[in-house]
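1. Sequence below, structure please.
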Amino acid sequence: MEKAVVNWIKASDYDILSAEAMFKTKRYVYVVFFCHLSLEKLLKAVVCRVIQRIPPKTHDLLLLTKLSNLKIPTLHQLVIARLTAVSIPTRYPEDISKLTKQYTALVAQKYLKETKSLLKWLKQTQKLKV
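-> The predicted structure follows:
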């Protein structure tokens, strides 16, 4: 299982770098999308370690949080809830023009900052120490 945990962590790191690259190129919808993806994968690393098997194939951050058995601070819980809410619209946009107006540089920057803070916190938990 340890190999899977390390792979989820590396994949999460790759995705947050992709979010940063999307920010630099002003692809703000995808900043939010990759923030969700990065968090999803890091939560899957925690879940993998906790349940000692491959985590469920889901994009539901709230489910992964529950399975992680972590006591997540309220501030980070709010970020998880917000990213969960935007998962479907950014993954399967019905109106990309509307989304590009909704996810401005300021909004994307906030998601990126909050996600990076949450990822850092998760990596410092006992359940992810290597």
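2. For the most centrally placed residue in the chain, which residues are in contact?
-> Centroid-nearest residue in the chain: Leu39, 1.9 Å away (criterion: C-alpha atoms, centre = their mean). Counting by C-beta atoms under 8 Å, 6 or more residues apart in numbering, Leu39 touches 12, 61, 80, 83, 115, 118-119. For glycine as for every other residue, the C-beta is placed from the backbone atoms N, C-alpha and C.
3. From Val79, how far off is it?
-> Distance from Leu39 to Val79, counting by C-beta to C-beta, to the nearest Å: 8 Å.
4. Overlap in contacts, those two.
-> 115, 118.
5. check which helix or strand covers the residue nearest to the centre of the chain.
-> Using DSSP states H and E, Leu39 sits in helix 28-51.
6. quick one: that helix to chain centroid distance?
-> Mean-position distance between helix 28-51 and its chain equals 3 Å (C-alpha atoms, centre = their mean, to the nearest Å).
7. So what touches the helix or strand just after that helix?
-> Using DSSP H and E, the helix or strand that follows helix 28-51 in sequence is helix 61-68. Here helix 61-68 makes contact (C-beta under 8 Å, 6+ apart) with 36, 39-40, 43-44, 46-47, 50-51, 55-56, 58, 72, 77, 80-81, 83-84, 87, 127.
8. at 6 Å what do you get?
-> The contact list for helix 61-68, computed with C-beta atoms under 6 Å, 6 or more residues apart in numbering, reads 43, 46-47, 80, 83-84.
9. Could you single out the nearest of those to Ser18?
-> Leu83 (15.1 Å; C-beta to C-beta).
10. Could you check how far the closest one is from Gln126?
-> Distance from Leu83 to Gln126, by C-beta to C-beta: 23 Å.
11. How about Val29?
-> 35 Å.
12. Which of these two has more residues huddled nearby?
-> Val29 (19 against 7; other C-beta atoms under 10 Å).
13. show me the residues around that one that make contact.
-> With C-beta under 6 Å, 6+ apart, Val29 has these contacts: 90, 99, 103.
14. who are the neighbours in contact with the second one?
-> Put plainly, it is Leu99. Per C-beta under 6 Å, 6+ apart, neighbours of Leu99: 29, 93.
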